[in-house]
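> Dropping a prediction and its sequence here:
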Amino acid sequence: MSWRSLLAASVGLLMLPGAGACPLQAVDGWRVAGEGVALAWRVHDDGPADAAPPLATPFALQVRLCPPQAELLAVDATMPAHRHGMNYRPSLQALGGGRWRVDGLLWHMPGTWALRLEVRLDGRTQVLQQRVDLQ
């Protein structure tokens, strides 16, 4: 890791090749990166930024994409150990400037969930995934 990446991490920024600093600290919370694209997400409420989603209660996510011209195409979640996913399909709302709201999520049981976020940048689609353990 370069000194710029270390410095960026220490102040809450993410360095992407050719993109300069990307201000993901505005969302805080959970972060995941792919090839040339990254995002930060959090449960959309007034709780701690790194709070896990609630169990058996509908919730929304606040997402910030970096670079902001990336597009959020789909959000889903599965429980790999149980081979099933959510019972609902979330809806996506672009808020501008790389910000998105994802409504209609419901993780109905405890265990390990795999949050799957499909993004597109410059005509290339990729899937970013994050493991979330719910008690």
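Now that the structure is in, tell me what you want to look at.
> now the helices for the chain?
Counting by DSSP state H, the chain has these helices, from start to end: 3-10.
> what about the residue most central in space within the chain, distance to residue 82?
Central residue of the chain (C-alpha atoms, centre = their mean): residue 41, 4.0 Å from the mean position. Note on residue 41: its distance to residue 82, by C-beta to C-beta, to the nearest Å, is 23 Å. No exception for glycine: its C-beta is placed from N, CA and C like everyone else's.
> how far away is residue 99 from residue 70?
Note on residue 99: its distance to residue 70, by C-beta to C-beta, is 11 Å.
> These two: which has the busier surroundings?
residue 70 (21 against 16; other C-beta atoms under 10 Å).
> residue contacts, the more buried one?
Applying C-beta atoms under 8 Å, 6 or more residues apart in numbering, we find residue 70 in contact with 37, 39, 98, 119, 120, 121.
> quick one: the residue nearest to the centre of the chain and residue 123, what's the gap?
For residue 41, the distance to residue 123 - C-beta to C-beta - is 23 Å.
> and the residue lying closest to residue 84 once chain neighbours are set aside, what are its bridge partners?
Leaving out its chain neighbours, the residue that sits closest to residue 84 by C-beta to C-beta, 6 or more residues apart in numbering is residue 78, at 6.8 Å. Under the criterion DSSP bridges, residue 78 forms beta bridges with residue 85, residue 114.
> Residue 78 reaches residue 109, doesn't it?
No: between residue 78 and residue 109 there is no contact under C-beta atoms under 8 Å: 12.0 Å.
> Between the two, point out the one with more neighbours.
Per other C-beta under 10 Å, whichever of residue 78 and residue 109 has more neighbours is residue 78, with 16 against 11.
> who touches that one in this structure?
For residue 78, the contact set (C-beta under 8 Å, 6+ apart) comprises 84, 85, 86, 113, 114, 116.
> again with residue 104
Taking C-beta under 8 Å, 6+ apart, one finds 58, 60, 88, 89, 90, 91 in contact with residue 104.
> ditto for residue 75
Contacts of residue 75 by C-beta under 8 Å, 6+ apart are 61, 63, 90, 92, 102, 105, 115, 116, 117, 118.
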